[in-house]
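S.K.: generate a structure from the sequence data that follows.
(one chain, ligands or ions: 1)
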Amino acid sequence: MQEKYTPKPIEQQAQKYWDDNDSFVANVDTEKDKYYCLTMFPYPSGNLHMGHVRNYSIGDVISRYQRMLGKNVLQPMGWDAFGLPAENAAVKHNTAPGKWTDSNIAYMRNQLKQLGFAYDWSKELATCKPDYYRWEQWFFTRLYEKGLVYKKTSAVNWCPEDETVLANEQVIDGCCWRCDTPVERKEIPQWFIKITEYADQLLADLDQLDGWPEQVKTMQRNWIGRSEGVDIRFDLEQPVAQIDSIDVYTTRPDTLLGATYVSLAAEHPISLALAENNPELQAFINDCKTSSVAEADMATMEKKGVAAGINTIHPVSGEKVPVWIANYVLMNYGSGAVMAVPSHDERDFAFANKYDLPVVQVIASNDNNDAGFDPTIWQEWYARKGNTTTINSGSFDGLDYQQAFDGIANALEKLGKGKKKTNYRLRDWGVSRQRYWGSPIPIFNLPDGGEIAVPADRLPILLPEDVVMDGVSSPIKSDPEWRKDQLDGIPVERETDTFDTFMESSWYYARFTCPDYEDGMLDADAANYWLPVDQYIGGIEHAILHLLYARFFHKLMRDEGLINCDEPFDRLLCQGMVLKDGTKMSKSKGNTVDPQEMIEQYGADSVRLSIMFAAPPEQSLEWSDSALGGAHKFLHRLWGRVYNHLQNAKAPVLNTDSLDKGQQTLRRKLHETIAKVGDDFGRRLTFNTAIAAIMELTNDLSKLPTDNEQGLAVEHEALQAIIVMLSPIAPHFCHELWNAMGNTGAVIDAQWPIVDEQAMVRNTIELVVQVNGKVRAKIEVAADASEESILEQAFTDSNVIKYIENKEVKMRKVIPGKLVTIAVK
Ligand code: ANZ
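M.R.: Residues are numbered from 1 along each chain as shown. Below you'll find the predicted structure:
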């Protein structure tokens, strides 16, 4: 063994050993418990950043720990390789997106290898390769056959100058990022998958996910947004374009008598019909078309509208209620129409104030003796449902929330003017993108309109990779030849839209179990053995969409008979960000830390150790170069300790019956540490506290005298355990030391150390001695000492003697396990 720790050659040797021995290749083995640990795969953007290093280190520690428990561990890695950045980079560097992506993958793979992650590289996959996306295309055609996908027109961001669709991130302050032309909303036909058909299951099954953070489940619940309400019919005073009523969806039928106007979405059929003879309305509708399609913007934008000039009849009061067209009503929620209750709904309130519409309070607080509607305390309780009473509501006065809800809903049902209804906020998943670098959507458009799904034997529809990007439109859209195809002699046109890249990341975790399988999307034996993923790790930014789509796809695959469990991810850990000077590292702020430089300078193990030590995994972590230096020093010291030990020790044999007190104490500490670190790695997933415990033990160990055989034997036992416990964190370092300690086999194949319960038994305990209520001494007594001998020891303690000398002892008492109390006068 070398005297000094030199990371580079040690890391290369360990990595070579793992490679040569296929150490991390995982095969189905039904005799063994499996453990599938997955960290969200990266987009191959060019190089790793510190966030990746943290993320992948967490997954690696968990994987390596589980392996030492004897599990059959699968930890795969691959590339989420389609997406817009590749198109932009291709234009900028005058290359093709495929080429750019491949070279990034090669570079980043090498970086991951340098960090020593225990991946099964034989299962590597890249989603931009036909052997991956062909199954996604096939699956889409299956969903098409089952009626789970459909086409409908839907809004996109359109640049009239470039005549191209823009992604949301390509719209900057409402203008095209390239030419600054104001962006319009354009309705074009797009493909949708019916995730709404699974809304109920996606909601209900969240309750099974005990291993998920509550916060993530709450976010998913809110996103699915189940609400119970009533569809209410407001008859029109006069029909418009043969329509004689407006259906509104409300979750607050209890406020029905406070409805002072009805508002419609700009795209509502009545709005469109009225606009034909109303230029002001037409202009307003056009105006709405150009505003953003992003839902977040809809919520915050200024409320605007136009009076429709028609009335409805209130279903209960029979009074006239005017109709407005308003920009805050969404066409694709409920029925695209709202009964506006400005006294109890914030948006309606803002709108009514702006256009001077009447506000009628119908809910009164039971605590407040309120005189009229006071908009300044709107937020405080007007929107409240509990502890209220209805007012101004005719025969429905004097009711609490639930009574009013049920009373009015039932009355409407009797009148034939309302029906209870459950709605979801969740929309069907629009999967069409007008971009090039994605999987082509496997549809043939027929010459006489209509379309059919591409038959299985014609899949995959290949994306050409040898393309020139003009920076404006997709090469497969601008190439008329690419579209041309034939089916049974009939000319057809290929769909030129590609899939949303969330499609690929929705099922990669399943394909990892059988990435080379050629006879289907999934090999049932492999998929059913490995799934569900036991531990999934990734950023909180994926808490909603990615995780929801993956859960949805899982259920779709289950219902296709491909897998047999209900949920894809058993346990979920969302790691925090890596910050520098309190802010997120980003190139634009110039505060990034390059992992590559750190690895070169300190070695991968120090980088891994420092990043895992800095904070609990869910918390954000403040990067510090000095912490890295500290981690490095610790490894050096430990190395030196092992080196010295090996200079002194000649195979010492531990004899637990002949240990002195210091040796016993160290062994106790050792086994307490083993128990704690196992709990931290396995259950708590707090790696920082595990490392702290290992460091503390190492520190205690350095104080243990080793000038005798049993001292060396205890040291040997402790160093062996420390090397094993630290190996998930600093695997190369421990690989080398494990062999240096004379063990056969590699540390990755070592068993997790077994806790010696006997060593943890404390045979002495410390007791406090109080004299007249003040602590005067601490004495160490045998754990099974009698009361008499404890008192004897207390009374002979020199410090205690000082306080009782020449005094009359009034009381003496032992409180077992805690203290001795003495009263004197
Ligand atoms: C009257 C009312 C009174 C409402 C009140 C709320 C509070 P959730 O809970 O998300 O389902 N709404 C219905 N359809 C809409 C649409 N297409 N665009 C915008 N808003 C719409 O929301 C349901 C509530 O959102 C409904 O209940 C309706 O306003 C509004 F004190 O009706 B409510």
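S.K.: leaving out chain neighbours, which residue sits closest to T498?
M.R.: Once flanking residues are discounted, T498 sits nearest to G438: 3.1 Å by CB to CB, 6 or more residues apart in numbering. C-betas here are computed from N, CA, C, even on glycine.
S.K.: wait, what's in contact with the one you found?
M.R.: Neighbour list for G438: 82-83, 463, 498-501 [criterion: CB atoms under 8 Å, 6 or more residues apart in numbering].
S.K.: which of those residues sits closest to the ligand?
M.R.: Nearest to the ligand, judged by CB to the nearest ligand atom, of the contacts of G438 is D500 at 24.0 Å.
S.K.: list the contacts of the residue nearest to the closest one when sequence neighbours are not counted.
M.R.: Using CB to CB, 6+ apart and skipping residues adjacent in sequence, the residue nearest D500 is V431, 4.6 Å away. Residues near V431 by CB under 8 Å, 6+ apart: 149, 190-193, 441, 499-500, 502-503.
S.K.: check C179 too.
M.R.: By CB under 8 Å, 6+ apart, the contact set of C179 is 159, 161-162.
S.K.: okay if I get the residues you listed as TSV plus distance to N806?
M.R.: Converted to TSV, the contacts of C179 look like this (distance: CB to CB, whole Å):
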residue	distance to N806
C159	99
E161	103
D162	101
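S.K.: residue contacts, the nearest residue to K34 once chain neighbours are set aside?
M.R.: Nearest residue to K34 in three dimensions, chain neighbours excluded: N72, at 4.9 Å (CB to CB, 6+ apart). N72 is in contact with 26-27, 29, 32-35, counting by CB under 8 Å, 6+ apart.
S.K.: let's go with 6 Å and repeat that
M.R.: Counting by CB atoms under 6 Å, 6 or more residues apart in numbering, N72 touches 29, 32, 34.
S.K.: same check, this time on L609
M.R.: 631, 729-730 are the contacts of L609 under CB under 6 Å, 6+ apart.
S.K.: tell me where the stretch 551-700 of the chain has helices.
M.R.: Secondary structure of the stretch 551-700 of the chain (DSSP state H, counting those that start in this stretch): helices located at 595-602, 604-613, 625-648, 661-679, 687-702.
S.K.: return the most buried member of those helices.
M.R.: Compared across the helices of the stretch 551-700 of the chain, helix 604-613 shows the largest average neighbour count, a mean of 26 (mean count of other CB atoms under 10 Å).
S.K.: how big is the angle separating that one from helix 687-702?
M.R.: When axes from the mean of the first three to the mean of the last three CA atoms, to 10 degrees is applied, the directions of helix 604-613 and helix 687-702 differ by 110 degrees.
S.K.: next one: S789 from R233, what distance?
M.R.: As judged by CB to CB, to the nearest Å, S789 and R233 stand 90 Å apart.
S.K.: check contacts around P652.
M.R.: Residues in contact with P652 (CB under 6 Å, 6+ apart) are 709, 712-713, 716.
S.K.: now with 10 Å?
M.R.: P652 is in contact with 645, 706, 708-717, counting by CB atoms under 10 Å, 6 or more residues apart in numbering.
S.K.: and for V761?
M.R.: V761 makes contacts with 664, 668, 671, 783, as judged by CB under 10 Å, 6+ apart.
S.K.: my guess is V814 meets E792, correct?
M.R.: No. V814 lies out of contact with E792 (CB atoms under 10 Å); the separation is 11.0 Å.
S.K.: which one of those two has more residues nearby?
M.R.: Neighbour count, other CB atoms under 10 Å: between V814 and E792, V814 has more, with 19 against 12.
S.K.: for that one, grab phi and psi.
M.R.: With angles defined as degrees, to the nearest 10, V814 sits at phi -110, psi 130.
S.K.: how close does it get to V820?
M.R.: V814 sits 5 Å away from V820, going by CB to CB.
S.K.: now L330
M.R.: In this view, L330 and V820 are 74 Å apart by CB to CB.
S.K.: looking at the two, which one has more neighbours?
M.R.: A count of neighbours by other CB under 10 Å puts V820 above the other of L330 and V820, at 25 against 15.
S.K.: ok, so of the contacts of N72, who is nearest R641?
M.R.: When the contacts of N72 are ranked by distance to R641 (CB to CB), K32 comes first, at 35.1 Å.
S.K.: confirm that that closest one sits in a helix.
M.R.: No. If the criterion is DSSP: H, G, I helix; E, B strand; the rest coil, then K32 is coil and not within a helix.
S.K.: which residue, other than its chain neighbours, is closest to it?
M.R.: If the residues on either side of it in the chain are set aside, K32 comes closest to N72, at 4.1 Å by CB to CB, 6+ apart.
S.K.: how far out from the middle of the chain is the helix or strand hosting K16?
M.R.: Per DSSP states H and E, K16 falls inside helix 7-20. In terms of CA atoms, centre = their mean, to the nearest Å, the centre of helix 7-20 is set 33 Å apart from its chain centre.
S.K.: let me know the average pLDDT across it.
M.R.: Mean pLDDT, computed over helix 7-20, is 98.
S.K.: contact partners for the nearest residue to V747 once chain neighbours are set aside?
M.R.: Among residues not flanking V747 along the chain, W738 sits closest, at 3.7 Å (CB to CB, 6+ apart). Residues in contact with W738 (CB under 10 Å, 6+ apart) are 642, 720, 723-724, 727, 744-750.
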